[in-house]
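Participant: What shape does this take:
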Amino acid sequence: MSKYIAAIDQGTTSTRCILFNHQGHIVSVGQKEHEQIYPKPGWVEHDPTEIWKNTLEVIAIARIKASATAADIAAIGITNQRETTVVWNKRTGKPYYNALVWQDTRTSDLVSKYEKEGGLNQFRDITGLPVSTYFSSLKLKWLLENVEGLREDAEKGEAIFGNIDTFLIWHLTGGAHGDGGIHVTDVTNASRTQLMNLRTLQWDREMLAAYNIPEKMLPAIKSSSEIYGHVNNEILPGVPVAGDLGDQHAALVGQTCFEPGMAKNTYGTGCFLVMNTGNELKTSENGLLTTISYKFGNEPVKYALEGSVAVTGALVQWVRDNLGLIKKSEDIEELARSVEDNGGAYFVPAFSGLYAPYWRNDARGIIAGLTRYVNKGHIARAVLEATAYQTVDVVKAMEQDSGIELASLRVDGGMVMNQLLMQFQSDILDTQVVCPAVAETTALGAAYAAGLAVGYWQNLEELKQKWAIAQTWNPNMEAEKREGFYNGWKKAVTKSYGWME
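Facilitator: Numbering: from 1, shown residues only. Purely as a prediction, here's the structure:
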């Protein structure tokens, strides 16, 4: 039996390859950051060619560190930043334009147009999603309307679309060489394009017509765990590509949230809270997204509710890079600990509007409640607390939609290392917060999906037994204090509204 499963974790700021052993433990890691491109305010792009080169590099690094050959690797799973939109030529493999990143807001005029014509929720019943700059559909429409020659090539079937998972699978399985790469995506990534019907799990003709997108461009929709094809290059020749999950769905799988009502929060650039709702598609009344948890092979699809917070870890980076208050991101905790509380200051990081449960495209970032007393320690504390407050907003909405009270919150992502934040999160939620032994749950979820497809792991029960706890935080705050803090936050949020026409 092969020793390892490889997971490619293609994120917003970097690409990683992690090799996992049968225990689900990390054997080796290769990682490389890529450039963030900001051509205009609100525009965020990545160079897909750079991401592909980095992917090859990190696979090589992870392999070399583990002294592993292709024969040692049972399968490869992919997880990716979702909604980020790439269009490339299937004969040359060359992108027509940079990838439009999920954070990109250049389509806000289109959002306004659809809002006037039929309202932001006009497609919710089909896709589970509101009309927003966030999803791939409008990004793809923008590319088709603004990149010369693209629509023509798309109609001919030469220009093809994918999120980053599709782009990487296509390149790994042959790309522009020989018979060409395999053009597929999985149900979780397809559910974030706003072009897939949540019930049929197929591209929806009504959605394609609404956005004027040629169906020929779109990848085939597959399950999250099956063999899509085999690697067709010298880096991992012949290894099955067998798992594909959008990053938040992968983290849900990595956290083994296989039962309805189980939820996880990933603290990364943004925060993504996902609750498994089982076989039941729950329509949100509280500004959450209805989406897919995962689909393993021929098993029935599992649905989810999701609340996305746009700016959490990115706010810490902003304080580091734009304000220069800290040298390294992890310094924020020490600075925040220099004061006892937020000093009455609140930071609402609505840099590109507010996501769930508010969905306010007109909001922009503010710092509220400032007095002469407030110093940089209070600002640092307000920065961390913003992440916790935004999480509470989403949890409250989730509990109302699902009718399930959250018993505990499973957490992962870079910010989980911050003890002050995690304790405050538990306090302000009044709920236990639990961090798993393997913090890289996103990559682990992709590994699990690929491993299940090739029989490296037998079933979900086996995966559940491997889940172990590293640390638990329990609430330790008086109810009155908690309420006071949260009321201050809700007041601050309203002050961020109405900045953009």
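
Participant: and this protein, what are its domains?
Facilitator: Annotated domains of the chain cover 4-249, 256-436+468-500 [the TED database].

Participant: Out of those domains, which is closest to residue 455?
Facilitator: Residue 455 sits nearest to domain 4-249 of all these, at 8.3 Å, using Cβ to Cβ. (Glycine included, C-beta is placed from N, CA and C.)

Participant: where does the protein dip in pLDDT?
Facilitator: The chain contains residues with pLDDT under 70 at 1.

Participant: Counting residues, name the longest helix you see in it.
Facilitator: helix 376-402 (DSSP state H).

Participant: on contacts alone, who are the packing partners of that helix?
Facilitator: With contacts taken as 3 or more Cβ pairs under 8 Å, 6 or more residues apart in numbering; DSSP states H and E, helix 376-402 sits against strand 263-267, strand 271-278, strand 302-309, helix 313-321, helix 331-337, strand 346-348, helix 419-429, helix 479-495.

Participant: Just name the most buried of these.
Facilitator: Mean neighbour count, computed with mean count of other Cβ atoms under 10 Å, is highest for strand 263-267 among these, reaching a mean of 27.

Participant: List the contacts of that one.
Facilitator: Applying Cβ atoms under 8 Å, 6 or more residues apart in numbering, the external contacts of strand 263-267 come out as 247-248, 251-252, 255, 257, 271-276, 312-313, 387, 391, 395, 398, 406, 409-416, 421, 441-442.

Participant: If we use 7 Å, what do you get?
Facilitator: Outside strand 263-267, the residues that touch it by Cβ atoms under 7 Å, 6 or more residues apart in numbering are 248, 251-252, 255, 257, 271-275, 312-313, 387, 391, 398, 406, 409-416, 442.

Participant: show me the contacts for the residue of the chain positioned farthest from its centre.
Facilitator: Most distant residue from the mean C-alpha position of the chain: residue 372, 38.5 Å away (Cα atoms, centre = their mean). By Cβ under 7 Å, 6+ apart, the contact list for residue 372 is empty.

Participant: now it: how far from residue 312?
Facilitator: Using Cβ to Cβ, to the nearest Å, residue 372 is found at 29 Å from residue 312.

Participant: same check, this time on residue 498
Facilitator: 23 Å.

Participant: So between these two, which is more surrounded?
Facilitator: Counting neighbours by other Cβ atoms under 10 Å for residue 498 and for residue 312 shows that residue 312 has the greater number, 27 against 11.

Participant: tell me the contacts of the more buried one?
Facilitator: Residues near residue 312 by Cβ under 7 Å, 6+ apart: 267, 270-271, 387, 390, 415.

Participant: And it, how far from residue 276?
Facilitator: Noted for residue 312: a distance of 22 Å to residue 276, by Cβ to Cβ.

Participant: same check, this time on residue 314
Facilitator: For residue 314, the distance to residue 276 - Cβ to Cβ - is 26 Å.

Participant: Same question for residue 129.
Facilitator: From residue 129 to residue 276 the distance is 18 Å (Cβ to Cβ).

Participant: Same question for residue 57.
Facilitator: For residue 57 relative to residue 276 (Cβ to Cβ), the value is 35 Å.

Participant: Spell out, range by range, the strands that occur in the stretch 101-250 of the chain.
Facilitator: Taking DSSP state E, counting those that start in this stretch, the strands of the stretch 101-250 of the chain run over residues 159-163, 184-186, 220-222, 225-230, 240-246.

Participant: Is it possible to get a markdown table of those that adds mean neighbour count and distance to residue 95?
Facilitator: A markdown table is the format used below for these (neighbours: other Cβ atoms under 10 Å; distance: least, Cβ to Cβ, whole Å):
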| stretch | mean neighbour count | distance to residue 95 |
| --- | --- | --- |
| strand 159-163 | 26 | 10 |
| strand 184-186 | 26 | 17 |
| strand 220-222 | 18 | 20 |
| strand 225-230 | 20 | 21 |
| strand 240-246 | 30 | 20 |
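
Participant: can I get those in TSV with distance to residue 455?
Facilitator: Below are the strands of the stretch 101-250 of the chain laid out as TSV (distance: least, Cβ to Cβ, whole Å):
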stretch	distance to residue 455
strand 159-163	27
strand 184-186	19
strand 220-222	18
strand 225-230	11
strand 240-246	10
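
Participant: For residue 27, find the nearest of the ones you listed.
Facilitator: Among the strands of the stretch 101-250 of the chain, the nearest to residue 27 by Cβ to Cβ is strand 240-246 (17.1 Å).

Participant: Now the element after the longest helix of the chain, going C-ward?
Facilitator: Going down the chain from helix 376-402, the next helix or strand is strand 408-412, by DSSP states H and E.

Participant: And for that following strand, what's in contact with it?
Facilitator: Contact with strand 408-412 is made by 251, 255, 257, 263-267, 429, 431-436, 439, 441, as judged by Cβ under 7 Å, 6+ apart.

Participant: go with 8 Å
Facilitator: So strand 408-412 is contacted by 251, 254-255, 257, 262-267, 391, 395, 422, 425, 429, 431-436, 439-442 (Cβ under 8 Å, 6+ apart).

Participant: Dump it to PDB, restricted to CA.
Facilitator: Provided in PDB are the C-alpha atoms of strand 408-412 (Å, rounded to 0.1, in the frame of the first residue of the first chain):
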ATOM      1  CA  SER A 408     -19.600  23.700  20.500                       C
ATOM      2  CA  LEU A 409     -17.600  25.300  17.700                       C
ATOM      3  CA  ARG A 410     -14.800  23.400  16.000                       C
ATOM      4  CA  VAL A 411     -12.100  25.900  14.900                       C
ATOM      5  CA  ASP A 412      -9.100  25.900  12.500                       C
END
